[in-house]
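# Whatever this is, show me its structure:
(chains A and B)
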Amino acid sequence: MSFNIQQIRADFPILTEKIRGKQLVYLDNGASTQKPQAVIDAESYYYEHQYANIHRGVHYLSQIGTDLYEGVRKQVQQFINAKHEHEVIFTKGTTNAINLVAYTFGRKFIHEGDEIVVTEMEHHSNIVPWQMLCDEKKCVLKVIPLQADGTILLEDAEKLITKKTKLVSVVYVSNALGTINPIEELIALAHKNGAKILIDAAQAIQHFKIDVQAMDADFLVFSGHKIYGPTGTGILYGKEAILNGMPPYEGGGDMIKTVSFKGTTYNDLPFKFEAGTPNIAGCVALGTAIKYVEELGVENIKAYETELLNYATEKLSAIEGLKIYGTAAHKSSVISFLLEGIHPYDVGVILDNMGIAIRTGHHCAQPVMDHYGIPGTCRASFAFYNTKEEVDVLVEGILKAKKMLS
Amino acid sequence: MNTINNIQDEIIEDFSMYDDWNDKYEYLIEFGKSLPLIEEQYKTEENRIHGCQSKVWLHGEMKDDKLYFFADSDAIITKGIVGLLVKVLSGHIPKEIADSDLYFIGKIGLQEHLSPTRANGLVSMIKKMKTYGIAFQANANN
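Coordinates of the predicted model:
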């Protein structure tokens, strides 16, 4: 272990909460991560001491707020190694960022008969915006099929990504299965065919290093709340030239240069895509969250979480009648499972009564569940503040649920 | 007389014997397992109540002025609660069902299962049972 787990746990006040009289074991990090005290403090400190609306204010507080907000943009730029600060657009989250691309890039550059390629393991937020676009523009959504182990085959991707493809929009890490997709190969395939590629990094950014220039991503999106930051924050990264070619998304304040009833001119990047007063306090605290993650060290996080995943996989696999869904060689710290003959909802209820928070259901990835012909799964997803002792508590809980429900 | 409220009170008394969650859920699970399955012919899409997580089927029919319910779920804890609801509401006249106040769920500490965010179909099931009551009541008045 390369970092002090007890010290880390002490940074997250919620981890000492009692749930129904039992010590909380929080294993629903795929849905959202808990917040360190520093993030909570950053948001309240901003409201208590620094708050005012940003941009264009000449007064002291407005300038402080603008500096903080724009400082986080620079921080995100460095975190993902974007070439320019203005390639980083603040959004409400991953869903909002994907919809932004669908409405702007999609509406302008994707036409009747053009194809968009996704995988069968996408979250609904990377399916539905494209289905809506396809309805409107009469373009076609192509799906790279899932294999039994929860991976995709590159030869399938090679067949489906063609000269007709305008956009490939794929998840980096599956939220339901934990599969890490071969993203470099998919990017190369998209570019070879003249298509752009959007990478949904909602389940990746908190687990390992991402370098948008090295990978040559056209778009990359993620949510703040899954990387220990506040809800309602998110990032759209896009290459400068592509973003400049896109029409604005929402109209309003901040996104304009001049407005008159004869005509309006739009602002430059990044403001063109940031109409209205943004989630300033949230973005400020997102900066604190990213700083926290960087101080722990992304590589240290990856190593520790991999160790936890391996430990949990071994322990859970030893439970008779337990089947793990998603057994890819490259996996993130997510374990989706079912107990034979037992509905996942029932397992979730029993574990909840023991203070163990997992997620049950389709995880907003119904096509994945349909693929396996199951109603849903139980999903335990681990963060760097989880421990092997907590995995043991989970195992005890599963055994108890199995006994009660069999 | 076996009124809706009498049955609710009986259930509350039964559950008062269990002081921890473990026993309560053991009872609910056993009760769920002991319930007869709904006949396949009633497991139709029309009778299915869409929860996000567990499936619930509900069929209602009139016999001698009384409304009877048949229900099922693919999750056993949900099925146990579904069974309790059927036990309370089935076999009463439609107006009583439509006007019923289901206080027993809160009293036996299962209120959380009725939260819409649980998405187990139970909130919709109660709504549908009452809608059956209202519909058959209207028929009776015609």
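
# contacts and neighbour counts: CA atoms only from here.
Noted.

# residue contacts, the closest residue to B:I11 other than its chain neighbours?
In space, B:I11 comes closest to B:F104 once its chain neighbours are excluded; the distance is 7.3 Å by C-alpha to C-alpha, 6 or more residues apart in numbering or on different chains. The neighbours of B:F104, taking C-alpha atoms under 8 Å, 6 or more residues apart in numbering or on different chains as the test, are B:8-9, B:11-12.

# Please apply the same query to A:A401.
A:347, A:350-351.

# will you turn the contacts of B:F104 into CSV that also has pLDDT, neighbour count and secondary structure?
Shown next, in CSV, are the contacts of B:F104 (pLDDT from 0 to 100; neighbours: other C-alpha atoms under 10 Å in any protein chain shown; DSSP: H, G, I helix; E, B strand; the rest coil):
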residue, pLDDT, neighbour count, secondary structure
B:Q8, 96, 24, helix
B:D9, 96, 16, helix
B:I11, 94, 18, helix
B:I12, 94, 18, helix
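
# Switch these over to a markdown table; also include distance to A:G229.
A markdown table is the format used below for the contacts of B:F104 (distance: C-alpha to C-alpha, whole Å):
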| residue | distance to A:G229 |
| --- | --- |
| B:Q8 | 46 |
| B:D9 | 48 |
| B:I11 | 45 |
| B:I12 | 44 |
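
# center of the chain - which residue?
You didn't say which chain, so I picked chain A. In chain A, the centroid-proximal residue (C-alpha atoms, centre = their mean) is A:A202; its distance is 1.1 Å.

# try again with chain B
B:L85 (2.2 Å).

# Which pLDDT value does the model give that one?
B:L85 is assigned 93 on the pLDDT scale.

# Also B:N22?
pLDDT recorded at B:N22 is 89.

# next helix or strand past the strand or helix carrying it?
If you go by DSSP states H and E, B:N22 is part of helix B:21-34. Once the chain leaves helix B:21-34, the next helix or strand it forms, by DSSP H and E, is strand B:48-49.

# now what about that following strand, what contacts it?
Under C-alpha under 8 Å, 6+ apart, the answer for strand B:48-49 is B:55-58, B:121, B:124-125.

# Checking my notes, the residue nearest to the centre of chain A in a helix, right?
No - secondary structure of A:A202 (DSSP: H, G, I helix; E, B strand; the rest coil): coil, not part of a helix.

# Identify the spatial nearest neighbour of it, chain neighbours not counted.
A:F222 (4.3 Å).

# Confirm that neighbour sits in a strand?
Yes - assessed by three-state DSSP, A:F222 belongs to a strand.

# pLDDT weak spots in chain B?
Low-confidence segments of chain B (pLDDT under 70): B:1, B:51-52, B:115-120, B:141-142.

# Within range of chain A, give me the residues from chain B.
Within chain B, the positions adjacent to chain A are B:21, B:26, B:29, B:52-54, B:74-78 by C-alpha under 8 Å from any C-alpha of the partner chain.

# among the residues you listed, which are in helices?
When DSSP state H is applied, these are split such that B:21, B:26, B:29, B:76-78 fall in helices.

# ok so, going back, what are the buried residues along the helix holding B:N22?
Residues of helix B:21-34 classed as buried by neighbour count (16 or more other C-alpha atoms under 10 Å in any protein chain shown): B:24-25, B:27-29, B:31-33.

# same check, this time on stretch A:16-29
A:24-29.

# With stretch A:245-262 instead?
So stretch A:245-262, judged by 16+ other C-alpha under 10 Å, has buried residues A:246-249, A:254-256.

# Show the end-to-end separation of it, please.
Chord length of stretch A:245-262, first to last residue, is 23 Å (C-alpha to C-alpha, to the nearest Å).

# Run a quick check on A:V298 versus A:F208, I expect a contact.
Yes - taking contacts as C-alpha atoms under 8 Å, A:V298 lies within contact range of A:F208: 5.6 Å.

# still on that earlier bit, and the buried residues of stretch A:16-29, which is closest to chain B?
Closest approach to chain B among the buried residues of stretch A:16-29 (C-alpha to the nearest C-alpha): A:D28, at 15.4 Å.

# Distance check, that closest one against B:T78.
22 Å.

# A:P145 too?
Taken as C-alpha to C-alpha, the span from A:P145 to B:T78 is 33 Å.

# The two: which has the busier surroundings?
B:T78 (25 against 19; other C-alpha atoms under 10 Å in any protein chain shown).

# what separates A:K74 from A:V88, distance-wise?
8 Å.

# could you list every residue that touches the residue nearest to the centre of chain B?
With C-alpha under 8 Å, 6+ apart, B:L85 has these contacts: B:I126.

# With A:Q203 instead?
Taking C-alpha under 8 Å, 6+ apart, one finds A:30, A:172-175, A:222, A:226 in contact with A:Q203.

# Which PyMOL command selects the buried ones in those residues?
Remark: buried members of those, expressed as a PyMOL selection using 16+ other C-alpha under 10 Å:
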select buried, chain A and resi 30+172+173+174+175+222+226
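
# Where strands are concerned, which of the contacts of A:Q203 count?
A:F222 (DSSP state E).

# Can you show me the CA trace of the helix or strand A:E389 falls within as PDB?
Element membership of A:E389, judged by DSSP H and E, is helix A:388-405. These are the backbone C-alpha positions of helix A:388-405, laid out as PDB (Å, rounded to 0.1, in the frame of the first residue of the first chain):
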ATOM      1  CA  LYS A 388     -10.000  -5.000   2.300                       C
ATOM      2  CA  GLU A 389     -11.900  -5.200   5.700                       C
ATOM      3  CA  GLU A 390     -14.900  -3.600   3.900                       C
ATOM      4  CA  VAL A 391     -14.700  -6.200   1.200                       C
ATOM      5  CA  ASP A 392     -14.800  -8.800   4.000                       C
ATOM      6  CA  VAL A 393     -17.900  -7.200   5.400                       C
ATOM      7  CA  LEU A 394     -19.500  -7.300   1.900                       C
ATOM      8  CA  VAL A 395     -18.700 -11.000   1.600                       C
ATOM      9  CA  GLU A 396     -20.300 -11.700   5.000                       C
ATOM     10  CA  GLY A 397     -23.300  -9.600   3.900                       C
ATOM     11  CA  ILE A 398     -23.700 -11.500   0.600                       C
ATOM     12  CA  LEU A 399     -23.400 -14.900   2.500                       C
ATOM     13  CA  LYS A 400     -26.100 -13.700   4.900                       C
ATOM     14  CA  ALA A 401     -28.400 -12.500   2.100                       C
ATOM     15  CA  LYS A 402     -27.800 -15.800   0.300                       C
ATOM     16  CA  LYS A 403     -28.800 -17.700   3.400                       C
ATOM     17  CA  MET A 404     -31.900 -15.600   4.000                       C
ATOM     18  CA  LEU A 405     -33.100 -15.600   0.400                       C
END
